[in-house]
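>>> next input, structure requested:
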Amino acid sequence: MPQLLTHPVVAFDLDGTLVDTAPDLLDALDLVLSPHAIPPVDRAAARNMIGGGARMLIVRALDGEGVRLPEAEVEDMTRRFIAHYAAHIADGSRPFPGLIEALDRLEGKGVRLAVCTNKLEHLARLLLDALGLTQRFAVITGADTYARPKPDPLPLLSTLSAAGGGAGRAVMVGDSITDVLTARATGVPVVAVSFGYTETPAHDLGADRLIHHFDELEQAVDELLARAAA
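The predicted structure is shown next:
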């Protein structure tokens, strides 16, 4: 007999979904690029490079400038990026509008909340601590928590299990194709936010629902959980 799941779970991506982290991430990027005579990145364009981790962000910025560096130098840049970012993790980063109220409404319905991000777990926790959000989430997992990062299904499946739920009664909320592919691989419906970081337009990500403000999240989650239960 299938296990009875007591709580539905909503698992969130972090950067570009829960929190607008671009200001602090791009400041750290500028810091490590400047010794290579690369000017500050364009903020509007560079937002969409976020989401694959520090090293990928650096490599994408270097590629955009046509700069090729030895692997050892890129690794050193990544270490310096992470150190600076950790020290300034919430200088400018803030939750997206309506997030706190949306979390309150979901919790009021007995939904367990989790974070499943490709940010390093210690940085995810550091950020959520700084913003006073850690206690809102039953589980917080990052790119290095499990053996493989998103879009492999392992992180989401494991996060849902740790939160006391499972794929049959869960919803993923994210901002990128990585989140959508993760949800699809896990068999979980997915809500995409339109205000995050993605090179593919949010309406083309193939999510089950698209929201433009967190005011819309409760209804989207209700509909997807009801559909899964039908």
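
>>> this structure - how does it break down into domains?
If you go by automatic domain parsing, the domain ranges for the chain are 9-20+93-229, 22-87.

>>> and those domains as a markdown table, adding mean pLDDT and mean neighbour count?
(Each C-beta comes from the backbone N, C-alpha and C, glycine too.) Shown next, in a markdown table, are those (pLDDT from 0 to 100; neighbours: other Cβ atoms under 10 Å):
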| stretch | mean pLDDT | mean neighbour count |
| --- | --- | --- |
| domain 9-20+93-229 | 97 | 20 |
| domain 22-87 | 94 | 16 |
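
>>> show me where this structure has helices.
Secondary structure of the chain (DSSP state H): helices located at 22-33, 43-46, 54-64, 71-87, 99-108, 121-130, 153-162, 177-186, 217-229.

>>> CSV for those, including distance to residue 210?
Converted to CSV, these look like this (distance: least, Cβ to Cβ, whole Å):
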stretch, distance to residue 210
helix 22-33, 20
helix 43-46, 21
helix 54-64, 25
helix 71-87, 30
helix 99-108, 15
helix 121-130, 24
helix 153-162, 19
helix 177-186, 11
helix 217-229, 9
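
>>> tell me which of the ones you listed approaches residue 170 most closely.
The closest of these to residue 170 is helix 153-162. By Cβ to Cβ, the value is 5.1 Å.

>>> that closest one vs helix 177-186, what angle?
Per axes from the mean of the first three to the mean of the last three Cα atoms, to 10 degrees, the angle that helix 153-162 makes with helix 177-186 is 70 degrees.

>>> show me what helix 153-162 is in contact with.
9, 11, 114-116, 138-139, 141, 143, 145-150, 166-167, 170, 172, 182-183, 185-186, 188 (Cβ atoms under 8 Å, 6 or more residues apart in numbering).

>>> please apply the same query to stretch 118-125.
13-15, 51-54, 82, 85-86, 89, 115, 117, 127, 134, 140-145, 149-150, 178.

>>> if you set the cut-off to 6 Å instead, what comes out?
14, 53, 117, 140, 142-145, 149-150 (Cβ atoms under 6 Å, 6 or more residues apart in numbering).

>>> now find how far off-centre it is within its chain.
Relative to its parent chain, stretch 118-125 has a centroid offset of 10 Å by Cα atoms, centre = their mean, to the nearest Å.

>>> just stretch 21-30 next, same as before
With Cα atoms, centre = their mean, you get 15 Å for stretch 21-30.

>>> out of the helices of the chain, flag the one nearest residue 209.
Of all those, it is helix 217-229 that lies closest to residue 209, at 4.1 Å by Cβ to Cβ.

>>> grab the CA positions of that closest one and hand them over as PDB.
Output of helix 217-229 as PDB, limited to C-alpha atoms (Å, rounded to 0.1, in the frame of the first residue of the first chain):
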ATOM      1  CA  LEU A 217       1.400  31.400  -6.000                       C
ATOM      2  CA  GLU A 218      -1.200  30.100  -3.600                       C
ATOM      3  CA  GLN A 219      -3.800  29.600  -6.300                       C
ATOM      4  CA  ALA A 220      -1.200  27.900  -8.700                       C
ATOM      5  CA  VAL A 221      -0.100  25.500  -5.900                       C
ATOM      6  CA  ASP A 222      -3.700  24.700  -5.000                       C
ATOM      7  CA  GLU A 223      -4.600  23.900  -8.600                       C
ATOM      8  CA  LEU A 224      -1.500  21.700  -9.200                       C
ATOM      9  CA  LEU A 225      -1.900  19.800  -6.000                       C
ATOM     10  CA  ALA A 226      -5.600  19.200  -6.700                       C
ATOM     11  CA  ARG A 227      -4.700  18.000 -10.300                       C
ATOM     12  CA  ALA A 228      -2.100  15.600  -8.900                       C
ATOM     13  CA  ALA A 229      -4.600  14.200  -6.400                       C
END
